[in-house]
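In: I'll drop the sequence and a predicted model, then ask my questions.
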Amino acid sequence: LKHPCPICLDNEEDAGEIGMCYSCGRMFCGSCNKSLAQRAVTHCPTCRGAQDVPPKEDVRRLRQLLVRPTGRHTPTAQFMLGLHYGMGAGVAQDDAEWARRCRLAADQGHAEAQHRIGRFYADGTGVARDDAEAVRWY
């Protein structure tokens, strides 16, 4: 397995929307992530870090993950930090920074970021509108 889920030891890229702990950077498969959410688990099952934290703490943790050596956690952390900028949650709302972070994640293969950056180019959100670039990312 390329990246086994630390809970079920299956490949976290195989099933549904993956989860990630912003404290330790561990990623969980879609099945385990769904199960954790259904059971309202509030702490990471591997490091016991709190998962339900205020947006400013989320941003702080994401920034800490991004100073660690690049790993499989990096694209998701970039995307999630960008999402905070897009929503203005824990940081000032900034479409240009949202697009920049999304592009960094997209360049590293993050599928949702690739789709979003395509939409950004199509709509001109945080970047200059560019139909050719939008088509490239869709």
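Out: On my side now, so go ahead.
In: Got the phi and psi for Arg61?
Out: phi -70, psi -40 (degrees, to the nearest 10).
In: Find the nearest non-adjacent residue to it, please.
Out: Nearest non-adjacent residue to Arg61, counting by CB to CB, 6 or more residues apart in numbering: Tyr22, 3.8 Å away. In this view, the C-beta of every residue, glycine as well, is placed from N, C-alpha and C.
In: who touches stretch 76-93?
Out: 18, 20, 22, 25, 27, 54-59, 62-63, 65-66, 94-95, 97-102, 104-105, 108, 110, 112-113 (CB atoms under 8 Å, 6 or more residues apart in numbering).
In: Any idea how far it is from the middle of the chain?
Out: 9 Å (CA atoms, centre = their mean, to the nearest Å).
In: Could you do stretch 89-97 as well?
Out: For stretch 89-97, the distance to the chain centre is 15 Å (CA atoms, centre = their mean).
In: how about it: buried residues?
Out: 90-91, 94-95, 97 (16 or more other CB atoms under 10 Å).
In: Where do the helices of this protein begin and end?
Out: 30-38, 55-67, 74-87, 95-107, 111-123, 131-137 (DSSP state H).
In: Report the mean per-residue pLDDT for the fifth one.
Out: Same thing as helix 111-123. In this model, helix 111-123 has a mean pLDDT of 93.
In: Any idea which residue is closest to the centre of this structure?
Out: Thr76 (3.0 Å; CA atoms, centre = their mean).
In: rank the helices of the chain by mean pLDDT and give me the bottom one.
Out: For the helices of the chain, mean pLDDT drops lowest on helix 30-38, to a mean of 84.
In: I'd like the distance from it to the chain centre, please.
Out: The answer for helix 30-38 is 16 Å, by CA atoms, centre = their mean.
In: can you offset everything so residue one is 27?
Out: Let's use 27 as the start, then, which means that last one is helix 56-64.
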